[in-house]
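Undergrad: model this:
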Amino acid sequence: MTPDKNVKILATLGPAIKGIDDIRQLVESGVNLFRLNFSHGEHADHAERFNWVREVEKQLNYPIGILMDLQGPKLRVGRFADGKVMLQRGDSLRLDLDKTPGTAQRVNLPHPEIIEALQPGMSLLLDDGRLRLQVTAKHADAVDTKVIAGGELSDRKGVNVPEAVLQLSPLTEKDRRDLSFGLELGVDWVALSFVQRPEDIIEARELIQDKAFLMAKIEKPSAVEHLEDIAKLCDAIMVARGDLGVEVPAENVPRIQKDIIRTCRQLGRPVVVATQMLESMRFSPAPTRAEVTDVANAVAEGADAVMLSAETASGDYPMEAVSMMSKIIRQVENGPDFQAQLDVSRPHAEATASDAISCAIRRINAILPVATLVNYTESGASSLRASRERPKSPILSLTPNLNTARRLTVAWGIYSVVNERLHKVEEITSTALEIAQAQGMARRGDTVVITAGVPFGQPGSTNSLRIETLH
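TA: Purely as a prediction, here's the structure:
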């Protein structure tokens, strides 16, 4: 599994993936980690797919990450007496706590948190933003609205409230059950939906503890507003453009995506760009030109990973979608100005030995023809700091910890090998060169840069750098 790209691919598993052979083919086509979407499927389905991935990991002797994506609160209107109504611009519609089937004049909104948070003048979006209402009056158990953009509204359609912060936990009872199940399985990452504020990350951390890494999905305007504080509290960020594109004007999404990527890179947090990246490949063996450009832009902007959702979970062409995404990534990364763009946007270094060494690596990499950068790490922190610099050469991360290797699968340019021979200082160079050659990441005569923390086993202690030639 010699690395041929720096940006990673996160692929969602679903009914389109039939077994171990499919998983192996996806990995060999470029997938680095898999997503279990707990908005769909039963626990038994997710457990089976989890076991498929772990079996392929054993076959290939190659760490593969697994992320569980929690559903989060789903806000919906109630049911209508006739199943649906037609709302015209200028109509009035009351949203209330009465569970009686609705009409064109009123409908149940079984979420008192929404009614409490709304104020006159605020907007509500229904059915993924297809209908827009504006609040005209607020009561103790209802709000009156005017239809700004109308259309058909049917039972149980979704509600978005972009202008209010709801007093609502991002973790429902279902999420807590799912989380307990996923942590027991041994997932490496947990993606948290419906993040509104930093306190939501703290709440999830208390449940997850150190059993998995935490990825915050940025899909609400309030999360964008508190982005830096949220990013500092979690281990990675996902740009969840589906819901985000409903709650903010669509034309703002590209700018927000750039801002999120820039902030995460400065903080050294991996960032995943997600949703509808190759959407047309659900039903077509080839993407649209616009989709290709979308993936290419995320790569050029410095994203750590790009994600496939329905394309691999339920689409007709999952293998082709992964292959296409890999081709786009390689094409952009091999472009003449790719490295120059990344260097221009490089983050400011902190006054630490680890950052000083990471910056030195990038400079050495620009001067010498370095085949690979080998980094010894226990927790993965020093490999992430090296990744933050976006060096020209791939990062071979050597760790005695399989969980660390799996969690680093989301990070730009890092390829991990689990090796137990990392406890003797005198073996640093020989082990690094031996593994780099075995992985096909260096050949005789190549220059290899090796970094480590001495003594071993102390997170954040990277304090040595060696330049070696493989003989």
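
Undergrad: can we go C-alpha only for contacts and neighbour counts from here?
TA: Noted.

Undergrad: Lys217 touches Ala240, doesn't it?
TA: Yes - Lys217 is within contact range of Ala240, at 5.8 Å (criterion: Cα atoms under 8 Å).

Undergrad: Looking at the two, which is more packed in?
TA: When neighbours are counted by other Cα atoms under 10 Å, Lys217 and Ala240 differ, and Lys217 comes out ahead with 28 against 21.

Undergrad: Tell me how far that one lies from Arg130.
TA: Counting by Cα to Cα, to the nearest Å, the gap from Lys217 to Arg130 is 23 Å.

Undergrad: got it, and Val454?
TA: Taking Cα to Cα, one finds Val454 at 58 Å from Arg130.

Undergrad: okay but Phe338 is in contact with Ile329, surely?
TA: No - Phe338 lies out of contact with Ile329 (Cα under 8 Å); the separation is 11.0 Å.

Undergrad: quick one, what contacts Lys217?
TA: Under the criterion of Cα atoms under 8 Å, 6 or more residues apart in numbering, the neighbours of Lys217 are 191-195, 237-240.

Undergrad: Go through these and name the one nearest Gly30.
TA: If you rank these by distance to Gly30 using Cα to Cα, Met238 comes first, at 19.4 Å.

Undergrad: Tell me which residues of the longest helix anywhere in the chain come out buried.
TA: Longest helix in the chain by number of residues (criterion: DSSP state H): helix 43-60. Neighbour-count burial for helix 43-60, counted by 16 or more other Cα atoms under 10 Å, picks out 46, 49-50, 52-54, 56-57.

Undergrad: Using a markdown table, lay out those together with pLDDT and distance to Leu227.
TA: Putting those into a markdown table (pLDDT from 0 to 100; distance: Cα to Cα, whole Å) gives the following:
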| residue | pLDDT | distance to Leu227 |
| --- | --- | --- |
| His46 | 98 | 30 |
| Arg49 | 98 | 32 |
| Phe50 | 98 | 31 |
| Trp52 | 98 | 35 |
| Val53 | 98 | 32 |
| Arg54 | 98 | 33 |
| Val56 | 98 | 36 |
| Glu57 | 98 | 34 |
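
Undergrad: looking at this, Leu398 is in a strand?
TA: Yes - if the criterion is DSSP: H, G, I helix; E, B strand; the rest coil, then Leu398 is within a strand.

Undergrad: Distance-wise, check it relative to Asp229.
TA: 31 Å.

Undergrad: neighbour-wise, which of the two wins?
TA: Leu398 (28 against 14).

Undergrad: What separation do you get for the more buried one and Arg35?
TA: For Leu398, the distance to Arg35 equals 24 Å [Cα to Cα].

Undergrad: so Arg269 makes contact with Ile230?
TA: No - at 10.9 Å, Arg269 and Ile230 do not qualify as touching, with contact defined as Cα under 8 Å.

Undergrad: which residues sit in contact with Thr263?
TA: Contact analysis of Thr263 by Cα under 8 Å, 6+ apart lists Glu228.

Undergrad: helix or strand for it, which one?
TA: Element membership of Thr263 [criterion: DSSP states H and E] is helix 253-267.

Undergrad: Between Phe338 and Ile329, which is the more surrounded one?
TA: Per other Cα under 10 Å, whichever of Phe338 and Ile329 has more neighbours is Ile329, with 25 against 17.

Undergrad: on contacts alone, who are the packing partners of whichever strand or helix holds that one?
TA: Per DSSP H and E, Ile329 falls inside helix 318-333. Applying 3 or more Cα pairs under 8 Å, 6 or more residues apart in numbering; DSSP states H and E, we find helix 318-333 packed against strand 8-13, helix 20-29, helix 289-301, helix 310-313.

Undergrad: That helix - what's its average pLDDT?
TA: For helix 318-333, mean pLDDT rounds to 98.

Undergrad: and what of stretch 76-83?
TA: Computed over stretch 76-83, the mean pLDDT rounds to 97.

Undergrad: what's that stretch in contact with?
TA: With Cα under 8 Å, 6+ apart, stretch 76-83 has contacts from 99, 101-103, 107-110, 154-159.

Undergrad: Of the residues you listed, keep whichever come out buried.
TA: With burial judged by 16+ other Cα under 10 Å, the buried subset of the contacts of stretch 76-83 is 102-103, 107-110, 154-156, 158-159.

Undergrad: now, which of those sits nearest Val27?
TA: Of all the buried ones among the contacts of stretch 76-83, Val27 sits closest to Gly158, with 34.9 Å by Cα to Cα.

Undergrad: got the contact list for that closest one?
TA: Contacts for Gly158 were tallied using Cα under 8 Å, 6+ apart; they are 74-77, 126-128.

Undergrad: Now distance to Leu87 and neighbour count too, for the residues you listed, in a markdown table please.
TA: Converted to a markdown table, the contacts of Gly158 look like this (distance: Cα to Cα, whole Å; neighbours: other Cα atoms under 10 Å):
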| residue | distance to Leu87 | neighbour count |
| --- | --- | --- |
| Lys74 | 23 | 14 |
| Leu75 | 20 | 17 |
| Arg76 | 17 | 18 |
| Val77 | 14 | 22 |
| Leu126 | 11 | 24 |
| Asp127 | 13 | 19 |
| Asp128 | 16 | 16 |
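
Undergrad: Closest one to Ile148 out of these, please.
TA: Ranked by distance to Ile148 (Cα to Cα), the contacts of Gly158 are led by Leu126 at 11.4 Å.

Undergrad: Grab the nearest non-local neighbour of that closest one.
TA: Nearest residue to Leu126, sequence neighbours excluded (Cα to Cα, 6 or more residues apart in numbering): Val159, at 4.7 Å.

Undergrad: pretty sure the one you found is in a strand, no?
TA: Yes - the assignment for Val159 (three-state DSSP) places it in a strand.

Undergrad: helix, strand or coil for Ile148?
TA: For Ile148, the assignment made with three-state DSSP gives strand.

Undergrad: didn't it look like it was pressed against Gln134?
TA: Yes - under the contact definition of Cα under 8 Å, Ile148 touches Gln134, with a separation of 6.7 Å.

Undergrad: who has more neighbours, the two?
TA: Taking other Cα under 10 Å, Ile148 and Gln134 do not tie; Gln134 has more neighbours (22 against 18).

Undergrad: And stretch 269-278, end to end?
TA: End-to-end distance for stretch 269-278: 25 Å, by Cα to Cα.

Undergrad: No further questions, thank you.
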